[in-house]
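In: Can you look at this prediction? I've put the sequence above it.
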Amino acid sequence: MKTVAKAYKFSQIAIIIMCIIFITNLILSRDYNLLWILLSGGGNIVDYLGESYTTVFKDFQLYRLITYGYTQTAIWHLAANALGLWYVGQYLEEKIGIIRFIFVYHIGLIIAGTAILIFYPNSFNYGASPAIFACLGILVNWLIRKRDLWNEYKLQKGIYFLLFYFVLSNLLGISTLLFHLFGFCIGFLLGFVIKGNDHISQYKKQELNTMCNSNSEIYLTQPCEDFKEKIMDFRTEFLNNNEIAYGTERLHMMDDFESWLSKVRKNEKKETVEAGRPPSYEYMAIRRADEKLIGMINVRYDLTEEMLMYLGHIGYCVRKSERRKGYAAEMLRLALIEAKKIGLTRVLLTVDNDKIASIATMKKNGAVLENEVPYNNKITQRYWIEL
């Protein structure tokens, strides 16, 4: 799975800061036994940046409620927290954005750091784990409320490390368990108000389809900001050929990409869908060989009786330069998989009776003609595909 490091920077920055502080601590603690510091912790910098009841509540050195989270002691401590932040940070920062991720990270440190000093006033604390557990708390909250997220979670490169980290790090003593629990509970509560992007990112969607459809030349993924340039180029090709881009949420009529993407997201839900339209999911067909946007396909659900007469569950288009290569049939095959995932058991497809190529594409995927109806001065054929 690819990592979008250039887009989500705070996780990496925090890890770099941890490493710098760790190395600086070694350099400035030459009077100590450096091997001992490497293996068990301690040192001058730790004394200046860690938190204690006296430094926070009596000396009012409130900055320590943040700096302790960037101070790792032993080498194993640094490695565990750096990897934990790398894996959970990459994913969560992509989901909620850098600003909210920074907020979650630091609010976890501040509240957990304050709470542990109240419960254990003789403790001296350091480490990023409360912030990491705050991030994990959000993910668990989301998972409880949307169980199918597990399919996305388990694609994460470090999922087994995180599970191991989640369990093993809580065996280091009751105070450590409470410290982590405070951070986790803060994140869990924040999960009710902080929402992640509804779409699966292009990389995770690609990974998912690679696992399920590795023999296909293309994969389906939902639109997102990462594909802006490809989508606008796709739109331009249709406009240059005076064609309508069917199954694209009227992309050909939208000049502003952000407005179009916002409409796509709103139309996924019954509560926010455009009036008079069924809710639907938009997908792009991307060719694996060169990541080119080949076509777009729209999967609709909750159609009314009137819509079922003329509209159908699926609409799609392929750019002119990529037609007659078999992509339409493969796009439809992959879209039927997505239709089954959202609970459809059979899919209606409608087509004008003079669209020979489209009819062949449908039949290749098992479509069976039910009837023909007049619509807009044409004859519309209605086909069903059982899933």
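Out: Okay, I see it.

In: Can you give me the neighbour number for residue 268?
Out: Neighbourhood size, residue 268 [other Cβ atoms under 10 Å]: 17. No exception for glycine: its C-beta is placed from N, CA and C like everyone else's.

In: Can you read off the pLDDT for it?
Out: As predicted, residue 268 sits at a pLDDT of 91.

In: Any figure for the gap between it and residue 225?
Out: Separation of residue 268 from residue 225 (Cβ to Cβ, to the nearest Å) stands at 16 Å.

In: now residue 294
Out: 20 Å.

In: ok, these two, which is more surrounded?
Out: residue 294 (22 against 14).

In: Direction included, what does the helix or strand where that one lies pair up with?
Out: Per DSSP states H and E: residue 294 is located in strand 293-300. For strand 293-300, the paired strands and their directions (DSSP bridges) are strand 280-287 (antiparallel), strand 314-318 (antiparallel).

In: tell me which residues of the longest one are tucked away?
Out: Of the residues in strand 280-287, those scored as buried under the neighbour-count criterion (16 or more other Cβ atoms under 10 Å) are 280, 281, 282, 283, 284, 285, 286, 287.

In: can you pull up the bridge partners for the third one?
Out: When you say that, I think you mean residue 282. Per DSSP bridges, the residues bridged to residue 282 are residue 298.

In: pretty sure it is in contact with residue 250, am I right?
Out: No - look at residue 282 against residue 250 with Cβ atoms under 8 Å: they stay out of range, at 10.8 Å.

In: tell me the contacts of residue 187?
Out: 104, 108, 133, 134, 135, 136, 137, 138, 139, 140, 141 (Cβ atoms under 8 Å, 6 or more residues apart in numbering).

In: Please identify the helix or strand for the third one.
Out: When secondary structure is defined by DSSP H and E, residue 133 falls within helix 129-145.

In: And the average pLDDT for that helix is what?
Out: 90.

In: Helices of the stretch 1-150 of the chain, residue ranges please.
Out: For the stretch 1-150 of the chain, the helices defined by DSSP state H, counting those that start in this stretch occupy 10-27, 34-40, 44-49, 53, 64-67, 75-96, 98-119, 129-145, 150-153.

In: could you redo those as TSV and give each row mean neighbour count?
Out: Formatted as TSV, the helices of the stretch 1-150 of the chain follow (neighbours: other Cβ atoms under 10 Å):
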stretch	mean neighbour count
helix 10-27	17
helix 34-40	14
helix 44-49	18
helix 53	17
helix 64-67	20
helix 75-96	21
helix 98-119	19
helix 129-145	23
helix 150-153	14
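
In: what's the closest of these to residue 374?
Out: Smallest distance to residue 374 across the helices of the stretch 1-150 of the chain (Cβ to Cβ): 43.0 Å, for helix 150-153.

In: if I pick the residue nearest to residue 134 when sequence neighbours are not counted, what's in contact with it?
Out: Nearest in space to residue 134, with sequence neighbours left out and distances taken as Cβ to Cβ, 6 or more residues apart in numbering, is residue 108 at 2.8 Å. By Cβ under 8 Å, 6+ apart, the residues touching residue 108 are 130, 131, 133, 134, 135, 183, 186, 187.

In: isn't the fourth one right up against residue 191?
Out: In this case it means residue 134. No - contact criterion Cβ under 8 Å: residue 134 and residue 191 do not qualify, at 9.8 Å.

In: The helices of the stretch 1-150 of the chain: which one's closest to residue 313?
Out: Residue 313 sits nearest to helix 150-153 of all the helices of the stretch 1-150 of the chain, at 22.2 Å, using Cβ to Cβ.

In: Could you list the low-pLDDT ranges of the chain?
Out: 1-8, 30-34, 36-41, 147-149, 151-152, 154-162, 170-172, 196-214 (pLDDT under 70).

In: what's the domain layout of it?
Out: Domain assignment for the chain, taken from automatic domain parsing, gives 10-190, 202-386.
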